[in-house]
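>>> Provided below are the primary sequence and the corresponding predicted coordinates.
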Amino acid sequence: MKSIAIIYHSRQGHTQFIAQQIQLGAAQVEQLKIDLFTAEQLMSQPELLCHYDGLIWGSPTYLGGVSGTLKQLMDATGPLWKKQAFKGKLAAGFTVSSLPAGDKQSTLISLFTFAMQHGMIWVGNPILPEQHQGVPYTQAANRLGSWSGLMAQVEHASAANAFDFGDIKTAQLFGQNFALSLSAYQGVMIT
């Protein structure tokens with residue numbers, strides 16, 4: 001059975017909420033194990049991630065990049081990089097901020113670069129923006145138009161009430177797409 005780890009940092013619960021929505025979407029694909037981890041849980045034992053076939057990384061966007069906590073975990077994987085322990089695993093990324101742009105793209109680029117340095121294979125976001133098909137903007141999947149990963153915009157409210165339906169739908173579709181990609185992936189790589 002193939003497995004996915006969704007790794008995230010969430011200070012106020014918003015990024016955690018999106019991670020849970022990604023997990024719900026991925027769970028639509030049968031025969032997969034999907035686990036959620038906070039960055040804090042893995043800080044002293046990032047090698048636990050070696051047991052997963054797919055890694056989805058998530059962070060709020062703080063000052064144009066990943067949070068310090070997620071960056072600490074990324075740095076803690078240095079010894080795994082030396083062994084190329086993540087080579088050939090599928091990877092993806094997601095981020096949350098309060099503004100429509102909010103420099104979320106630079107957060108995704110940071111996650112992408114991290115994945116590439118580890119030899120992972122990046123899965124983007126193929127979801128077409130639904131507002132171009134007449135779906136109301138707040139209801140539309142991929143309304144923020146991100147292809148490199150998942151972007152969500154959060155209002156200043158509790159996590160359960162902070163997101164437009166379109167971002168929740170996008171997170172679930174993003175998780176489902178990643179799970180389908182992992183199910184089809186044969187893991188063939190040149191060493």
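Cool, the structure landed.

>>> How far does stretch 135-145 sit from its chain's centre?
How far stretch 135-145 lies from its chain's middle: 19 Å, per C-alpha atoms, centre = their mean, to the nearest Å.

>>> average pLDDT across that stretch?
Computed over stretch 135-145, the mean pLDDT rounds to 95.

>>> would you put the C-alpha positions of it in CSV?
The C-alpha coordinates for stretch 135-145 follow below in CSV (Å, rounded to 0.1, in the frame of the first residue of the first chain):
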residue,chain,number,x,y,z
VAL,A,135,-18.8,29.6,-11.2
PRO,A,136,-19.0,32.5,-8.7
TYR,A,137,-15.5,33.6,-7.6
THR,A,138,-15.8,32.5,-4.0
GLN,A,139,-17.1,29.1,-5.0
ALA,A,140,-14.6,28.5,-7.8
ALA,A,141,-11.9,25.9,-7.6
ASN,A,142,-8.4,27.3,-8.1
ARG,A,143,-9.8,30.8,-8.0
LEU,A,144,-6.3,32.2,-7.2
GLY,A,145,-4.9,30.6,-10.3
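
>>> Okay, buried residues for it please.
Neighbour-count burial for stretch 135-145, with 16 or more other C-beta atoms under 10 Å as criterion, is recorded at 140-144. From N, CA and C alone the C-beta is placed, and that goes for glycine too.
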